[in-house]
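[1] sequence first, then the predicted structure:
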Amino acid sequence: MARRSRDQAEQTRARIVMEATSLFRDQGYAATSIDEICARSGITKGALFHHFKNKKALFLEIWTSLQMQMDAAAREAGIANVDKDDPYHAFLAGCRVYLEWTVRPDYQKIVLFDGPSVLGLETWHQLDYSLGLRNMQTGVGYLAKRGLISQDRVEAVAILLQGALNGVGFALRRTPPPITLDEAHAAFEALVRAIR
């Protein structure tokens, strides 16, 4: 019996997250009400608040999930693109995934557009760097081990490149974007290859 209740609770939570993600993506955080999330999820407010403290906590879970999914996809791309003749190739493949995610409607609206205002800019930056900077440090460290970047600059270069990718991500979310994804990636590649 307890297992069935746990399974039902997990299914309910997953349904809430799925419906809220759809609503936040399509309408934005401010325009999405708790009542609407409950109606779409087929639950009561009490059930929603059993799983989430408030709407912001639900948003944070969705924001974090999208960041983790993007992070995993970037890591997978890096691993899949290891090239012994061009060590930059794997690193740039992972970075390209991030740029591709910045034009996805869910990532763009939830992480890049609503994220800073809902979470607060300082919290947004702290969370973004704690999640994304690890992969950036790993990638830059990989380049440093191959002698392409100075080992004593790994941390600084990782922070610089993380900021550059975030800046491009924000630019790509504008309507119309001032640059294309391909232009952004080409410029980022030129920057990375120029750093020593």
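    Happy to help now that I have it.
[2] could you list the low-confidence segments of this structure?
    1-2, 4 (pLDDT under 70).
[3] the residue nearest the centre of it and Tyr98, how far apart?
    Here the mean C-alpha position of the chain is nearest to the C-alpha of Gln67 (CA atoms, centre = their mean), at a distance of 2.9 Å. According to CB to CB, to the nearest Å, Gln67 stands 10 Å off from Tyr98. Placement of C-beta: from N, CA and C, glycine included.
[4] cool, Thr64 as well?
    From Thr64 to Tyr98 the distance is 16 Å (CB to CB).
[5] which stretches in the chain count as helices?
    2-27, 34-41, 45-51, 55-80, 88-102, 105-106, 115-119, 121-145, 154-172, 181-194 (DSSP state H).
[6] just say which of the ones you listed is most tucked in.
    Stretch with highest mean neighbour count among these: helix 88-102 (a mean of 21; mean count of other CB atoms under 10 Å).
[7] now do stretch 175-191: everything it contacts.
    The contact list for stretch 175-191 (CB atoms under 8 Å, 6 or more residues apart in numbering) reads 88, 92, 95-96, 99-100, 102-103, 161, 164-165, 168, 171-172.
[8] picking up where we left off before, if I look at Gln67 and Tyr98, which residues touch both of them?
    Common neighbours of Gln67 and Tyr98, counting by CB under 8 Å, 6+ apart, are Gly132.
[9] wait, Ala20 sits on Ser33?
    No: the criterion here is CB atoms under 8 Å, and Ala20 misses it with Ser33 at 10.8 Å.
[10] related to what we said a few turns ago, ok, the residue nearest to the centre of the chain - contacts?
    By CB under 8 Å, 6+ apart, the neighbours of Gln67 are Val111, Leu127, Asp128, Leu131, Gly132.
[11] can you list the domains in the protein?
    For the chain, automatic domain parsing gives the domain ranges 1-52, 54-194.
[12] quote the end-to-end distance of the last one.
    Just to be clear, that refers to domain 54-194. 46 Å (CA to CA, to the nearest Å).
[13] ditto for stretch 140-157
    For stretch 140-157, the end-to-end distance is 7 Å (CA to CA).
[14] need the residues that contact that stretch.
    Pro87, Tyr88, Ala90, Phe91, Gln137, Ala158, Leu161, Val192, Ile195, Arg196.
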